[in-house]
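Chemist: what shape does this take:
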Amino acid sequence: MREDAEMPTRVTSFARHFVGLARGATPMRWSPPVTSAARWSRDEAKAWHDDVGWLVGCNFAPSTAGNQLEMWQAETFDPATCDRELGWAASLGMNCVRVFLHDLVWEADGQRFLDRVETFLGIADTHGITVMPVLFDGVWNPNPRLGPQPEPRPGVHNSIWVQGPGAAVLSEPSRWPPLRDYVEAVVTRFAHDRRVRCWDLFNEPDQANAISYPREDIAHKSRLADQLLGQIFDWAEAVDPDQPLTAGVFVGVSGATERVSRINRTMLSRSDVISFHSYSSAKRLESAIAHLSAYDRPLLCTEWLARSAGSTVDLLEVFQRHRVGAFNWGLVDGRTQTKFPWTSWLRPVKSDEVWFHELFHPDGRPYSETEAETFRRLTDDAGS
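Modeler: So this is what the prediction gives:
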């Protein structure tokens, strides 16, 4: 079959994405919660929430890593930078970070990869920070490769970030058994580790990547990703870790979330704690929290902060008021280049544009002292 018959075009990728948005958007605000099939009961989830308190943190990669492979491969693993930059996170009152792992590094290095994760957990612990590992990711480059990574494209948001599993594996269910080995190895190693706060199983599994890789991502991605996600939940549940499992909804979160897709229903029915992404302003964030609260489980917003889109640091007050965990995207400006907006894939960025994500310059200066003070004030209030 010709490549253009298998791969979606940019137009069809955009169309699929916006159909999903429309199905989940207002005014069709309400749809009944799907029936829970979570490993934990609501009471167990609430007890966990009472124990851990209000989680505040970021999606963390050291500024020297442009993707998950650079973060974890032996040649570029950088404990010194992790230590320094997690210290800056702690200075804001952060107590947890969301960190992306990758199946290819496990495949190549096995226990040595897990030893690096162990090292990272130890560094974070010295700063009073726990970790939410992310096992898989459906966003950006669908063709990950081990070894030296390319240099970031100047001025382009997350220009070398990679998916895991890659498209070649996701498209062939016969290639999924080694992924089970990876899940079982990672979760088993840290299943009873107090430094691991929660397991995020798959980030945006059916992301269309419409602005970045529309011709390289696979056809029928949503169906295959949902099928794989169900198996990942099965594999992780069988290990029975002390920590809750989750996978976060990201399309239609402030509307009729359950109507958007089968994968949303899988996430909402099987997660021990409900997680979601919101890069919108206060009104839509409040709507998402109100809607997802019907599940009567702890809520974690595992991605937020997009200044030019209306998701600004003052929204931390909304998260604190509702006791919703808050993990903004990014910490230090570096090789991910996520201070630039998503639209940098389509247009040049102006030199004076407001930063999209990130909180610190590479030398440790806050991007905004006012924002830094907001973090310190609200996290201090929550701990008092």
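Chemist: for T312, give me phi and psi.
Modeler: As for T312, its main-chain torsions (degrees, to the nearest 10) stand at phi -110, psi 170.
Chemist: and it, what does it touch?
Modeler: L305 (C-beta atoms under 8 Å, 6 or more residues apart in numbering). For glycine as for every other residue, the C-beta is placed from the backbone atoms N, C-alpha and C.
Chemist: tell me the pLDDT at it?
Modeler: The confidence metric pLDDT takes the value 98 at T312.
Chemist: next: P8.
Modeler: Looking at P8, the pLDDT reads 43.
Chemist: all helices of the stretch 51-200 of the chain, in order?
Modeler: With helices called from DSSP state H, counting those that start in this stretch, the stretch 51-200 of the chain shows them at 68-72, 79-91, 103-109, 111-126, 167-170, 177-190.
Chemist: between those helices, which gets nearest to F136?
Modeler: Smallest distance to F136 across the helices of the stretch 51-200 of the chain (C-beta to C-beta): 7.0 Å, for helix 103-109.
Chemist: now the nearest residue to E258 once chain neighbours are set aside: which helix or strand?
Modeler: Closest residue to E258 apart from its sequence neighbours, by C-beta to C-beta, 6 or more residues apart in numbering: S31 at 4.5 Å. S31 belongs to no helix or strand when assigned by DSSP states H and E.
Chemist: quick one: low-confidence residue ranges for the stretch 251-384 of the chain.
Modeler: 384 (pLDDT under 70).
Chemist: how about the helices of it, start to end?
Modeler: Using DSSP H, counting those that start in this stretch, helices in the stretch 251-384 of the chain cover 262-270, 282-292, 316-322, 369-383.
Chemist: then the strand ranked longest in the chain to CSV, C-alphas only?
Modeler: Looking across the chain with DSSP state E, the single longest strand is strand 130-137. The C-alpha trace of strand 130-137 is given here as CSV (Å, rounded to 0.1, in the frame of the first residue of the first chain):
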residue,chain,number,x,y,z
THR,A,130,8.9,12.6,45.0
VAL,A,131,8.4,11.4,41.4
MET,A,132,5.6,10.4,39.0
PRO,A,133,7.2,8.3,36.3
VAL,A,134,5.5,8.3,32.9
LEU,A,135,6.0,4.9,31.1
PHE,A,136,4.9,5.7,27.5
ASP,A,137,4.3,8.8,25.4
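Chemist: give me the mean pLDDT for that strand.
Modeler: So the average pLDDT for strand 130-137 ends up being 99.
Chemist: helices or strands up against that strand?
Modeler: strand 96-100, helix 111-126, helix 177-190, strand 199-203 (3 or more C-beta pairs under 8 Å, 6 or more residues apart in numbering; DSSP states H and E).
Chemist: for the second one, which outside residues touch it?
Modeler: Contacts of helix 111-126 with the rest of the structure, by C-beta under 8 Å, 6+ apart, involve 72, 74, 77, 79, 82-83, 86, 97, 99, 101, 105-106, 130-131, 133, 185-186, 189-190, 193, 195-196.
Chemist: among those residues, name the buried ones.
Modeler: By neighbour count, with 16 or more other C-beta atoms under 10 Å, the contacts of helix 111-126 hold 72, 77, 82-83, 86, 97, 99, 101, 105-106, 130-131, 133, 185-186, 189-190, 193, 196 as buried.
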